[in-house]
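Peer 1: quick check, what structure comes out for this input:
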Amino acid sequence: MENLVVLDVETLPNYWLIAFKGVDTGKLLTFEAYGEHASLSADDIAKIKQIMKTRTTFGFNSNKYDLPMIRYALSGARCNALHKLSVKLIEGNAPSWMVMKDLDLPELKCDHFDICEPSPAVMISLKAYGTRIGSKKLWEFFVDPHLPIDRETADRVRDYCENDLDVTIDLFNEIKPEIELRVFMSSEYDTDLRSKSGAQVAEAILLKETGYNGDRPSVPATVSYKAPPCVQFVSEQLRELKDGLEATRFAIKKANGSPIEPDWMRKSITTLGKTKYKIGLGGIHDKRTKSVYTTNNDFVILDVDVESYYPSMIIEFGYSPRHIGKKFYQVYKKIYTDRLQAKRNKDKNKDKSLKLVLNSAFGKMGSMYSKLYAPDVMLQVTLTGQLMLLMLIEQIELQGVEVFYANTDGITMYCPRDKVELIEVLIFDWELVTGMVMETTEFKRTCIRDVNNFVNITANGDVKAKGVYAETSLSKGLQTPIVFEAVRKYILDGTPIEQTIRGCKVVNHFLAARTVKGGAMWRGEYLGKMVRWYYSTDGASINYKLNGNLVPKTGDGVHPMMDLTDTLPSNLNYDWYVNEAVEMLKDLGVDYGNTAN
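Peer 2: Next up, the predicted model:
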């Protein structure tokens, strides 16, 4: 991907702007119309069309907003008409395809993609992504979009737009491997997949390969569950659980097409050994909190995960959406076997692309807006997955081995070393019965706050953390990463918390950020709806502009950092970060200063 150009549009009642910036060159080009009845000049229209025709462009949420606005502007629309369209798209949530149809605008010849859907987080703003990737400047749109502006303000809007282009480029660089993968897949399947999420990619490919072009299935009133023959239990409580699931007619919520968890399931707790388990429509979870396990001469922590659990069940048990029929299973299985061949051939692009289809398709089965919608298949997979894990847990506990953790596709146990071989045999037998394949990892230490928040140290010293203890990513909000880095290092090798925190020179690692509905205030200064701050020795709280209430996690004295600095601030409150890390360790059941705890 060379010579890429990012674009963005700004619209006000008397001003319209389109800006382009070369990703590699940094060159900025802007075209504008100023005045309520002004429109783009014929010369500017020709230049914009030429750029769109000869360059590959991209934007953020651009398919839904920027492209419709560009097409209308290129038709000669005036600023006041462009503003009306903007309001319709943003505030009226009008689908862009419907708006374009109503306006009857000519097609725009362009090679364009939108990076909003391929980005991993769901329904977050460009500014929120900017906090997660350390973009230099958080710049809130600073004028009322419904009011006209003067010429001086228009110049500032142009600067604001360029900053948005820079943040979009930052985000593109973060997800570039995902875009490159979609470029490869687009070529393989002769379909433009660059602007699609993983689930959307899977849906497009499966519909194309199965040849299904019918309507979306209707939402059923209820669905039922039937366990495959391999699901068998020893204990009465698990047999009753299975019978109860098979006897239940699961009502479907008309509003979203999802099965509703019945009251008896919400209240049901299954106890095996020392651990309590909650079965749900989404997955199994243990109910343990604040636990620490350490491998020693007598015991070893074994973590066992099922490889490609959901895809494997779809293939092993022949699940298919009824309206598509066996063709779905045939295509899905071929993709599975093709991926295995690609792995053997070390064809990384094909391996990754087929893995994306296999793993992402399941999500669309739960969406009533998808042609892959199949709530009965979704229920079969999620409940069968839980029951089969319970089969394995039951057999392990019968041998006197404690299973202390379970999630959607795996379990973790504290195994006496003299029973490791026995456990390996049980796992092998389970694989033969279910048709699944498991992967075992040995941990040196496991520290658990709850099922979704923990830190694991593998036998070779790798750190595997989840939830608040995981590293900051595009999918996780910015929340003082240095605190959790200090926690992970302390658990890994006893590195003092103070050493990690005071030794860090990366400004973004000390920052936190969040979206504030209605905007935020700090010492009388308006900050915007997306705020970024650090904890300082002379700070103050951040409060909601609407009601003056405290913005969560800012009551300890904070200082905004809307523009990222290159060096650490002199008033950084190191003690706050140290104390926070100590508290986070306590939440895991680890006492600071006692690595053997």
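
Peer 1: top strand in this structure by residue count?
Peer 2: Determined from DSSP state E, the single longest strand within the chain is strand 525-540.

Peer 1: now that one, how far from the centre of its chain.
Peer 2: Put simply, strand 525-540 sits 26 Å off its chain's centre (Cα atoms, centre = their mean, to the nearest Å).

Peer 1: use 23 as the first number from now on
Peer 2: Right, with 23 as the first residue, what we last looked at is strand 547-562.

Peer 1: report the buried residues of it.
Peer 2: Buried positions in strand 547-562, judged by neighbour count with 16 or more other Cβ atoms under 10 Å: 549, 550, 551, 552, 553, 554, 555, 556, 557, 558, 561. (Glycine included, C-beta is placed from N, CA and C.)

Peer 1: next SSE downstream of that strand?
Peer 2: strand 565-566 (DSSP states H and E).

Peer 1: tell me what that next one is packed against?
Peer 2: Applying 3 or more Cβ pairs under 8 Å, 6 or more residues apart in numbering; DSSP states H and E, we find strand 565-566 packed against strand 534-544.

Peer 1: I'd like the average pLDDT over the strand it packs on.
Peer 2: For strand 534-544, the mean per-residue pLDDT is 95.

Peer 1: list the buried ones in that strand?
Peer 2: So strand 534-544, judged by 16+ other Cβ under 10 Å, has buried residues 534, 535, 536, 538, 542, 543, 544.

Peer 1: show me how the record splits the chain into domains.
Peer 2: If you go by automatic domain parsing, the domain ranges for the chain are 26-218, 244-333+394-458, 492-609.

Peer 1: would you reformat those as CSV and include distance to residue 341?
Peer 2: Formatted as CSV, the domains of the chain follow (distance: least, Cβ to Cβ, whole Å):
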stretch, distance to residue 341
domain 26-218, 23
domain 244-333+394-458, 5
domain 492-609, 28
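
Peer 1: please, where are all the strands along the stretch 273-422 of the chain?
Peer 2: 292-294, 297-300, 307-308, 313-316, 321-328 (DSSP state E, counting those that start in this stretch).

Peer 1: any idea which of those strands gets closest to residue 529?
Peer 2: strand 313-316 (32.7 Å; Cβ to Cβ).

Peer 1: what lines up beside the closest one in the sheet?
Peer 2: Paired with strand 313-316 in the same sheet, following DSSP bridges, are strand 460-472 (antiparallel).

Peer 1: show me what counts as buried in the very next helix or strand once past the strand it pairs with.
Peer 2: Using DSSP H and E, the helix or strand that follows strand 460-472 in sequence is strand 475-480. Neighbour-count burial for strand 475-480 flags 475, 476, 477, 478, 479 (criterion: 16+ other Cβ under 10 Å).

Peer 1: again, but for stretch 239-250
Peer 2: Those buried within stretch 239-250 under the rule 16+ other Cβ under 10 Å are 239, 245, 247, 249, 250.

Peer 1: so the fourth one belongs to a helix, correct?
Peer 2: Which is residue 249. No. Looking at residue 249 with DSSP: H, G, I helix; E, B strand; the rest coil, it is coil, so not inside a helix.

Peer 1: residue 453 reaches residue 461, doesn't it?
Peer 2: No. The criterion here is Cβ atoms under 8 Å, and residue 453 misses it with residue 461 at 10.8 Å.

Peer 1: what about those two, which has more around it?
Peer 2: Using other Cβ atoms under 10 Å as the criterion, residue 453 and residue 461 rank with residue 453 on top: 14 against 10.

Peer 1: how would you label the more buried one: helix, strand or coil?
Peer 2: helix.

Peer 1: what is the neighbour count of the nearest residue to residue 112 once chain neighbours are set aside?
Peer 2: Nearest non-adjacent residue to residue 112, counting by Cβ to Cβ, 6 or more residues apart in numbering: residue 87, 7.1 Å away. By the criterion of other Cβ under 10 Å, residue 87 has 21 neighbours.

Peer 1: okay, and the beta partners of residue 33?
Peer 2: The partner list for residue 33 in beta bridges (DSSP bridges) reads residue 38.

Peer 1: over to residue 50?
Peer 2: Beta-bridge pairing for residue 50 (DSSP bridges): residue 43.

Peer 1: I'd say it and residue 40 touch.
Peer 2: No. Residue 50 sits out of contact with residue 40 when judged by Cβ under 8 Å, with a separation of 11.5 Å.

Peer 1: who's more crowded, these two?
Peer 2: Neighbour count, other Cβ under 10 Å: between residue 50 and residue 40, residue 40 has more, with 25 against 14.

Peer 1: any idea how far the more buried one lies from residue 285?
Peer 2: Counting by Cβ to Cβ, to the nearest Å, the separation of residue 40 from residue 285 is 55 Å.

Peer 1: circling back: check which helices and strands the longest strand of the chain sits against.
Peer 2: Using 3+ Cβ pairs under 8 Å, 6+ apart: strand 547-562 touches helix 148-155, strand 534-544, strand 580-582.

Peer 1: for residue 354, grab the count of nearby residues.
Peer 2: 22.

Peer 1: same deal with the one 4 residues further on?
Peer 2: Neighbouring residues of residue 358 were enumerated by other Cβ under 10 Å; the total is 18.

Peer 1: try residue 154
Peer 2: Neighbours of residue 154 (other Cβ under 10 Å): 22.

Peer 1: next up, the contacts around it.
Peer 2: Listed by Cβ atoms under 8 Å, 6 or more residues apart in numbering, the contact set of residue 154 reads 494, 495, 496, 498, 499, 500, 535.

Peer 1: show me where the stretch 323-472 of the chain has helices.
Peer 2: 331-338, 348-366, 370-386, 397-420, 442-456 (DSSP state H, counting those that start in this stretch).

Peer 1: repeat that for the stretch 23-172 of the chain.
Peer 2: 64-76, 88-96, 101-112, 118-125, 148-155.

Peer 1: which one of the ones you listed lies closest to residue 383?
Peer 2: It is, among the helices of the stretch 23-172 of the chain and with distance given as Cβ to Cβ, helix 118-125, at 24.2 Å.

Peer 1: what's the angle from that closest one to helix 88-96?
Peer 2: 20 degrees (axes from the mean of the first three to the mean of the last three Cα atoms, to 10 degrees).

Peer 1: which residues are in contact with helix 118-125?
Peer 2: 85, 86, 87, 89, 90, 93, 94, 97, 107, 110, 111.

Peer 1: for stretch 336-350, same thing?
Peer 2: 228, 232-234, 236, 239, 250, 335, 351, 354-355, 358, 384, 387, 394-396, 398-399, 402-403, 406, 456-458.

Peer 1: stretch 223-231 now?
Peer 2: Residues external to stretch 223-231 that are found in contact with it (Cβ under 8 Å, 6+ apart): 204, 207, 211, 213, 215, 218, 235, 350, 353-354, 357, 378-383, 385-386, 392-394.

Peer 1: now stretch 323-331
Peer 2: Contacts of stretch 323-331 (Cβ under 8 Å, 6+ apart): 315-317, 334, 380-381, 407, 411, 414, 430-437, 442, 445, 449, 458-468, 478.

Peer 1: show me what counts as buried in stretch 289-308.
Peer 2: Buried, per 16+ other Cβ under 10 Å, within stretch 289-308: 290, 292, 294-295, 297, 299-301, 303, 305-308.

Peer 1: please apply the same query to stretch 493-513.
Peer 2: Buried residues in stretch 493-513 (16+ other Cβ under 10 Å): 494, 496, 499-500, 502-513.

Peer 1: which among those residues gets closest to residue 116?
Peer 2: Checking those one by one against residue 116 (Cβ to Cβ), the nearest turns out to be residue 496, at 28.3 Å.

Peer 1: excluding sequence neighbours, find me the nearest residue to that closest one.
Peer 2: Per Cβ to Cβ, 6+ apart, closest to residue 496 is residue 142, 5.0 Å.

Peer 1: tell me the pLDDT at that neighbour?
Peer 2: 93.

Peer 1: do the same with residue 93
Peer 2: For residue 93, pLDDT reads 96.
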